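Undergrad: pasting a predicted model and its sequence here:
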Amino acid sequence: MKNINLCAVVMDKSIEDIIQKLTTMRDKTKFVEIRFDLSINRKKNDIQLLSNVQKKHVIFTCRRKDEGGQFGGSEKERIQILKRAFDLGFLVDVELTTLEENKMRLSRSMQKRAILSFHDFMKTPSKTDLDSIVKRMAIFNPHIKKIATMVKNEDDNKRLLNVVIQKNTKENICVIGMGPLGKKTRIIAPLLGSCMTYCSINSDGASAPGQMTCNDMNTIYSLLQ
């Protein structure tokens, strides 16, 4: 079985606690995601505290509210934080809608570290709409295209998995099925070529509906070997 790239989602009240958890999880999963928007006690200089973090395979995320985030500042402030994360050398998850609505472009350096994402917490779009989303993402030439949608039936799972099946061999795509029925896609998609799958540190720390723990994911893939 091919190697599965697990990404542990790290979130806590303070950046100091996030950094401590990040250090703990680095040896357990290939990728670690910092959810900066979920840091309740966030301070202005917190982004600078991350400057000394070893950034290889660390994803920085400051999610907008309409795509599942909880950032309390202005959109202008959030975009500046994302740009600072790029400057610091992180892999950065930025929403497709953020780039489109703000008419932003990614420099070649940013493209190499950009995870361009799309989230729909209500439904899984039609095949036509999913194909359109992938094409819209391709305009920005990101390192990874990520699509996370709510799964309500098996047809939703099939449409998400089809995104992976039809991708070209050099394309990095990550698809995630949210909700209880989406767990199947979280497990199967990496086996078909999805470049990573996300997991929580513990059962109380899921950052999206249907997200399983890293231990559970590792157990499942061990059984499949």
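TA: Looks like it came in fine. Computed from a predicted model, the values in this text were never measured in an experiment. Numbers count the residues shown, from 1 in each chain.
Undergrad: quick one, strands of this structure?
TA: Using DSSP state E, the strands of the chain run over 6-10, 31-35, 58-61, 91-95, 114-120, 144-150, 173-178, 197-200.
Undergrad: by residue count, what's the longest helix in this structure?
TA: helix 75-88 (DSSP state H).
Undergrad: residue ranges with poor pLDDT in this protein?
TA: 1-2, 40-45, 203, 205 (pLDDT under 70).
Undergrad: could I get the full set of helices for it?
TA: Counting by DSSP H, the segments of the chain that form helices are 15-25, 46-49, 75-88, 96-101, 108-111, 127-138, 154-165, 183-192, 214-224.
Undergrad: export the third one as PDB, just CAs?
TA: What follows is helix 75-88, C-alpha atoms only, in PDB (Å, rounded to 0.1, in the frame of the first residue of the first chain):
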ATOM      1  CA  GLU A  75     -10.600  40.500   6.300                       C
ATOM      2  CA  LYS A  76      -7.800  42.900   5.600                       C
ATOM      3  CA  GLU A  77      -6.100  41.800   8.800                       C
ATOM      4  CA  ARG A  78      -6.600  38.200   8.000                       C
ATOM      5  CA  ILE A  79      -5.100  38.500   4.500                       C
ATOM      6  CA  GLN A  80      -2.000  40.300   6.000                       C
ATOM      7  CA  ILE A  81      -1.600  37.400   8.400                       C
ATOM      8  CA  LEU A  82      -1.700  34.900   5.500                       C
ATOM      9  CA  LYS A  83       0.900  36.900   3.600                       C
ATOM     10  CA  ARG A  84       3.100  37.000   6.700                       C
ATOM     11  CA  ALA A  85       2.800  33.200   6.900                       C
ATOM     12  CA  PHE A  86       4.000  32.900   3.300                       C
ATOM     13  CA  ASP A  87       6.900  35.200   4.200                       C
ATOM     14  CA  LEU A  88       7.800  33.000   7.100                       C
END
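Undergrad: just the angle between it and strand 91-95, please?
TA: Interaxial angle, helix 75-88 versus strand 91-95 (axes from the mean of the first three to the mean of the last three C-alpha atoms, to 10 degrees): 150 degrees.
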